[in-house]
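Chemist: Below is the sequence, then the predicted model.
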Amino acid sequence: GSMRILAADAVILDEKDDNQFSIRLLLGRNGWGTGVHPTTRLCLEWLCLRLQGDGGEVILDYGCGSGILSIAAMHLGASRIIGVDIEAEALVTCERNLELNGYASRFEGLHTREVLPADLARPHGVDVCVANILIGQL
């Protein structure tokens, strides 16, 4: 499917395309996660290709920022998201954006200090990890 990224208060006049979904965003002051940056677009395209199956995956969004990748994953059938960020403001913005898109109940936001790697490992951890951040931060 394809997607469109909208400001939280945008009005959609034509919602007839069943293959397209909308992601609504309240943007933080930092400006991350707008969907404009080429690496964000690549991650969104990859999620569209990767999550075409039966769904139900648990996703780790490492460096979740605005939550744009988490929201896309939910639209594409993920069952649960663990969003991790080092910035408290990013976690608040991400949680608000997941709520705005109707997915807050299936999102768990964690500060990087709260992450226990063993909890993220299979078989009870995550199925897919996305990390649209600089390599040094990984």
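Modeler: Structure's in. What do you need? Numbering: from 1, shown residues only.

Chemist: In this structure residue 90 contacts residue 61, no?
Modeler: No. With contact defined as C-beta atoms under 8 Å, residue 90 does not count as touching residue 61 (10.6 Å). C-betas here are computed from N, CA, C, even on glycine.

Chemist: out of these two, which sits in the busier spot?
Modeler: For residue 90 versus residue 61, neighbours defined as other C-beta atoms under 10 Å are more numerous around residue 61 (30 against 23).

Chemist: I'd guess the more buried one is in a strand, am I close?
Modeler: Yes. Residue 61 forms part of a strand when assessed by DSSP: H, G, I helix; E, B strand; the rest coil.

Chemist: in the sheet, who's paired with it?
Modeler: In this structure, residue 61 bridges to residue 83, residue 130 when assessed by DSSP bridges.

Chemist: my read: it touches residue 130, true?
Modeler: Yes. Residue 61 is within contact range of residue 130, at 5.5 Å (criterion: C-beta under 8 Å).

Chemist: what's the overlap in contacts for those two?
Modeler: Residues touching both residue 61 and residue 130 comprise 69, 73, with contact defined as C-beta atoms under 8 Å, 6 or more residues apart in numbering.

Chemist: and the residue nearest in space to the middle of the chain, how far is that from residue 123?
Modeler: A centroid search over the chain (C-alpha atoms, centre = their mean) returns residue 70, at 1.6 Å, as the residue closest to the centre. With distances taken as C-beta to C-beta, to the nearest Å, residue 70 is found 22 Å from residue 123.
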